[in-house]
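Student: got a sequence here, can you model it:
(2 chains)
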Amino acid sequence: MSPKPLLDLICPAGSLPALKAAVDHGADGVYLGLKDNTNARNFAGLNFDEKALAEGIRYAQGKKKKVLMALNTYPQPATLPRWHQAVDKAATLGVDAVILADPGLMAYARKTHPDLRLHLSVQGSATNYEAIEFYRDRFGIQRAVLPRVLSLAQVENVIDNTSVEIELFGFGGLCVMVEGRCLLSSYACGDSPNTFGACSPGHAVRWQQTPKGMETRLNGILIDRYADDEKAGYPTLCKGRFEVEGETYYALEEPTSLNSLEMLPEMHRLGVAAIKIEGRQRSPAYVAQVTQVWRAAIDAVKQAPDAFAAKAAWTAQLVKVSEGSMHTLGAYYRPWK
Amino acid sequence: MKLSLGPLLYYWSREDTLAFYEAAANWPVDIVYLGETVCSRRHLLRLPDWLELADRLAAAGKEVVLSSLPLIESESDLKALRKLVGNGRHLVEANDFGAVRLCAKAGVAFVAGPTLNVYNPETLAMLAGMGAIRWVPPVEMTHAMLKAMPIPTGMATELFSYGRLPLAYSARCFTARRYNLQKDDCQFKCLEHPEGLTLYTREEQPFLAMNGIQTQSARIYTLAHRVRELADAGVEVLRLSPQYRNMAAVVDHYRAALAGAAADPAGLRKYMYADPCDGYWLGKAGADFLPDKAV
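Tutor: Residues are numbered from 1 along each chain as shown, chains lettered A, B, ... in the order given. Take a look at the predicted model:
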């Protein structure tokens, strides 16, 4: 058996050029999805058809890098065969692992392709070791991606109580809700991440210049309104400004990105197996830049964990590509809660 | 078809909570869910209190189920969960796969709760094999999806059919955030909002409701006018989510609907403190309300 991985860098690949950018700039692995609702980044113009997938696998594995395929939405009775076929395709083309959320789909994968490595997606909402052990007992999962809700002390307790490798989000767009347990998008516009594979999907979005300012709407619901000197953001509905008891503010979360760079030494000490970078919807240039910074940072922490300090240049580079140009440690830092 | 009273989603004073269940013992509901399903900091009723309530409601002829927390983060949350599963007297609603694992290990039957994300027959069959005797689909379940779902023998379907929809969970407490407080020092502000704290768009449209770490719909999901469609899709239990005022009248309205009374959304609206919605059932945006549209 190969040794347990430590701080493997897993980068987003929304397209073949993004995949190559990640591999070329130091990713240990990439994650990607097919061009349909079998994964949670079902946006027009993104993702892989079979030909691109085969080419991506060839490119990454040729450089000894891993390809992880996300099939992390929840199949429904009428369309179940599509998810099964996607698992078959992943196994046949030789991906290194599939990232699944639905137990029924895991059962299918285990039975049909017993050698296929299974990862539990963040969309599986497993926030405690009993839940992770459930998936290990039943399906032999080898890695779990934790929702962005635990403090590092809580992450440590999970790692201490399961043999399953733990992958944490390190950087990128931040879900303020437990992944897999958020239906705000379907409440507003009918499509949710769980069933449709997208939150606040493009087809429901409207931008409108009005005398009151630029307005962003989701299925007609006003998510935010921007003054002339404000930069209008994408109307992700948990990051809009709303009114509560007469006060208008970012009631749920600011438009901000997760950046846990400064916590790398702690993640190293805890034995976190992999760090995931969010952003399959972002450009190859974003992927290249973020991958490069995180590669340098992870190499530095592995070399001298006690001497690690996040370099100002790294942080500056990350801020440039961040949503809203703001950073947070999210739930890893308890007062955020 | 049966009626259930879902777990209390809000944080009410101890007196209000006890008075609510005292009254509920006499309401025409068949099943009552008890326990805290939002925040582990809420402590005015602890497990022994819930168990005492459970015994009293069981003595009044109700089937009682103890609901588990959907978001389990810490070792103390797990300790509480193990106690709940091992209560020895009442059925448990498992709202996290950690709870499913503990129920299966203990060999006790359970209800598969709405946050388990059961969207397909394979997952449902697996849960049946592990001891689930009833399941509650995700609140976004549509008529079409449910109708296409083969239900394992011995498994009953219970659908969330009345109340502000529990839509999302977070590590962050939005009620505490409203008052610039941290969650660890929240001063239990939820007590001041027994129906949730409504969040409006900048056009003054009620949109969502904040209830601690839970985000709900501002609108109240109502399916009383769709009893026939519910039966057609195989629903055997309608879950009514507790609200602070007029709950007895809401229960009576649903009981009358089950007995064949004509659909009367306007009649029900008199007992509601927000506008209704029924979009999820139709496969539309959850916030839509289209009472005249058939599935």
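Student: measure stretch B:116-134 end to end?
Tutor: Using CA to CA, to the nearest Å, the end-to-end distance of stretch B:116-134 comes to 12 Å.
Student: now do the buried residues in it.
Tutor: Residues B:116-128, B:130-132, B:134 are the ones in stretch B:116-134 that count as buried (16 or more other CB atoms under 10 Å in any protein chain shown). (Each C-beta comes from the backbone N, C-alpha and C, glycine too.)
Student: ok, stretch B:175-190 next?
Tutor: In stretch B:175-190, counting by 16+ other CB under 10 Å, buried: B:175-178, B:183, B:186, B:188-190.
Student: do the same with stretch B:21-28
Tutor: Buried, per 16+ other CB under 10 Å, within stretch B:21-28: B:21, B:24-25, B:27.
Student: now tabulate these in CSV and tack on distance to chain A.
Tutor: Shown next, in CSV, are the buried residues of stretch B:21-28 (distance: CB to the nearest CB, whole Å):
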residue, distance to chain A
B:Tyr21, 27
B:Ala24, 27
B:Ala25, 32
B:Trp27, 28
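Student: now these as TSV including secondary structure and pLDDT?
Tutor: Shown next, in TSV, are the buried residues of stretch B:21-28 (DSSP: H, G, I helix; E, B strand; the rest coil; pLDDT from 0 to 100):
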residue	secondary structure	pLDDT
B:Tyr21	helix	98
B:Ala24	helix	98
B:Ala25	coil	98
B:Trp27	coil	98
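Student: returning to that earlier point: keep only those of the buried residues of stretch B:175-190 that are in helices.
Tutor: Among the buried residues of stretch B:175-190, DSSP state H puts B:175-178 in helices.
Student: among these, which are in reach of chain A?
Tutor: By CB under 8 Å from any CB of the partner chain, the members of those lying near chain A are B:177-178.
Student: residue 237: neighbour count?
Tutor: Picking chain A for this. Residues near A:Leu237, counting by other CB atoms under 10 Å in any protein chain shown, number 24.
Student: hmm, no, I was thinking of chain B.
Tutor: There are 21 residues near B:Val237, going by other CB under 10 Å.
Student: any idea how far it lies from A:Lys66?
Tutor: As judged by CB to CB, to the nearest Å, B:Val237 and A:Lys66 stand 46 Å apart.
Student: helices of the stretch 151-300 of chain A, start to end?
Tutor: In the stretch 151-300 of chain A, the helices defined using DSSP state H, counting those that start in this stretch lie at A:152-160, A:184-189, A:193-196, A:264-270, A:284-303.
Student: same deal with the stretch 101-250 of chain B?
Tutor: Counting by DSSP H, counting those that start in this stretch, the stretch 101-250 of chain B has these helices, from start to end: B:121-130, B:143-147, B:174-178, B:227-232, B:247-258.
Student: quick check: which of the ones you listed is nearest to A:Val301?
Tutor: With respect to A:Val301, and counting by CB to CB, the nearest of the helices of the stretch 101-250 of chain B is helix B:174-178 at 32.1 Å.
Student: so what's the residue positioned nearest the centre of chain A closest to, chain neighbours aside?
Tutor: Centrality entry for chain A: nearest residue to the mean C-alpha point is A:Glu278, 4.3 Å, by CA atoms, centre = their mean. Once flanking residues are discounted, A:Glu278 sits nearest to A:Gly172: 2.6 Å by CB to CB, 6 or more residues apart in numbering or on different chains.
Student: report the beta-bridge partner residues of that neighbour.
Tutor: A:Gly172 has these beta-bridge partners by DSSP bridges: A:Leu258.
Student: tell me which element B:Asp49 falls in.
Tutor: Using DSSP states H and E, B:Asp49 maps to helix B:47-59.
Student: output that helix as CSV, restricted to C-alpha atoms.
Tutor: Listed next in CSV are the C-alpha coordinates belonging to helix B:47-59 (Å, rounded to 0.1, in the frame of the first residue of the first chain):
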residue,chain,number,x,y,z
LEU,B,47,-33.2,14.8,26.8
PRO,B,48,-34.8,13.8,30.2
ASP,B,49,-37.4,16.6,29.6
TRP,B,50,-38.1,15.4,26.1
LEU,B,51,-38.4,11.8,27.3
GLU,B,52,-40.9,12.8,30.0
LEU,B,53,-42.9,14.7,27.4
ALA,B,54,-42.6,11.7,25.1
ASP,B,55,-44.0,9.3,27.8
ARG,B,56,-47.0,11.7,28.5
LEU,B,57,-47.8,12.0,24.8
ALA,B,58,-47.5,8.2,24.3
ALA,B,59,-49.9,7.7,27.2
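Student: can you tell me which residues contact the nearest residue to A:Thr73 once chain neighbours are set aside?
Tutor: Spatial nearest neighbour of A:Thr73, chain neighbours left out: A:Gly197 (4.7 Å); criterion: CB to CB, 6+ apart. Taking CB atoms under 8 Å, 6 or more residues apart in numbering or on different chains, we find A:Gly197 in contact with A:36-42, A:73.
Student: among those residues, which ones are in helices?
Tutor: Among those, no member falls in helices (DSSP H).
Student: just give me the closest of those residues to chain B.
Tutor: Lowest distance from chain B to the contacts of A:Gly197 (CB to the nearest CB) belongs to A:Thr73, with 8.9 Å.
Student: quick check, that closest one in contact with A:Asp191.
Tutor: No: A:Thr73 is beyond contact range of A:Asp191, at 10.9 Å (criterion: CB atoms under 8 Å).
Student: look at those two and report which has more neighbours.
Tutor: Neighbour totals were compared for A:Thr73 and A:Asp191, and A:Thr73 leads with 30 against 22 (other CB under 10 Å).
Student: dump the residue contacts of the more buried one.
Tutor: A:Thr73 makes contact with A:37-40, A:42, A:83, A:101-102, A:123, A:193-197, according to CB under 8 Å, 6+ apart.
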